[in-house]
Every structure is written in C-alpha cells, then in structure tokens.
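1. How does the following fold in three dimensions:
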Amino acid sequence: MALEENGPTDAHRAILELLALETPPSSRSDKMRLSPKCLTQSAGYKDSSHIGVVCRELRDAELVEREDPGYYSINWRGRAYLEGELTLD
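-> Residues are numbered from 1 along each chain as shown. So this is what the prediction gives:
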C-alpha cells in the first residue's frame, strides 16, 4: 500500500485534518463528509484527481471511510493516527 510504503505526505495529513474538523452545532451531521474536489479547494491543491488518489490511499489504510458516492469522512483510526496514538505498521 502506497501510504504504508512511502509514509504520509502533506496532502494525506491535510485531508485528515480537514475531515477531523468539528461540524457546526447547527449541522445535521455529526462529522465532516467532503468530496475530493472540495478537499482539493479547501487544502489549497490544484489537482483533484491527485487528491482522489490520496483519499483512496487513506481509505485503503482504513483511516477514512467512503460515504455516499464521492464523499469521505474520517473514522476513529484516522483520528487516532492524527493524535499519534496509532501507526501504520
């Protein structure tokens, strides 16, 4: 798996951090659900196809989940990874 072999890139970390953001109290959802296109714009990248690949790598590492078609959300493993409580070994 690319993420485990090469380690996380800045893009991996940026996506995890965006997905880990709290939703507003008025939101009908308890977690962020974002598309690669939205993640691309929010993280300041230009190539949404690259961010789509990064999202799939995070999903393969079981750090994010694929929600409705085209949307991703962070799971407990992704949060633990961000907090340094989990490694990809």
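
2. Could you check how far residue 35 is from residue 66?
-> Residue 35 sits at a distance of 11 Å from residue 66 (criterion: CB to CB, to the nearest Å). Just so you know, the C-beta spots here come from the backbone N, C-alpha and C atoms, and that holds for glycine as well.

3. Looking at those two, which is more packed in?
-> Higher neighbour count among residue 35 and residue 66: residue 35, with 18 against 14, using other CB atoms under 10 Å.

4. Please tell me I have it right and the more buried one contacts residue 68.
-> No - the criterion here is CB atoms under 8 Å, and residue 35 misses it with residue 68 at 9.4 Å.

5. Sketch out the low-pLDDT regions of the protein for me.
-> Scanning the chain for pLDDT under 70 picks out the ranges 1-5, 89.

6. ok, 90 please
-> Scanning the chain for pLDDT under 90 picks out 1-10, 22-32, 48, 67-70, 84, 86-89.

7. can you give me the strands for it?
-> For the chain, strands defined by DSSP state E occupy the ranges 64-66, 72-74.

8. What lies in contact with the last one?
-> Okay, so that is strand 72-74. Identification of contacts with strand 72-74 by CB atoms under 8 Å, 6 or more residues apart in numbering yields 15-16, 19-20, 31-36, 39, 55, 58-59, 63-67.

9. Mind giving me the ChimeraX select for these, buried ones only?
-> With 16 or more other CB atoms under 10 Å as the burial test, the buried ones among the contacts of strand 72-74 are selected in ChimeraX as follows:
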select :15,16,19,20,32,33,34,35,36,39,55,58,59,63,64,65
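
10. got a list of what the closest residue to residue 17 other than its chain neighbours touches?
-> Distances taken as CB to CB, 6 or more residues apart in numbering place residue 82 nearest to residue 17, at 6.8 Å, with adjacent residues excluded. Contact analysis of residue 82 by CB under 8 Å, 6+ apart lists 13, 16-17, 20.

11. Out of the residues you listed, list just those in helices.
-> 13, 16-17 (DSSP state H).

12. Let me know the closest of these to residue 46.
-> When these are ranked by distance to residue 46 (CB to CB), residue 13 comes first, at 17.7 Å.
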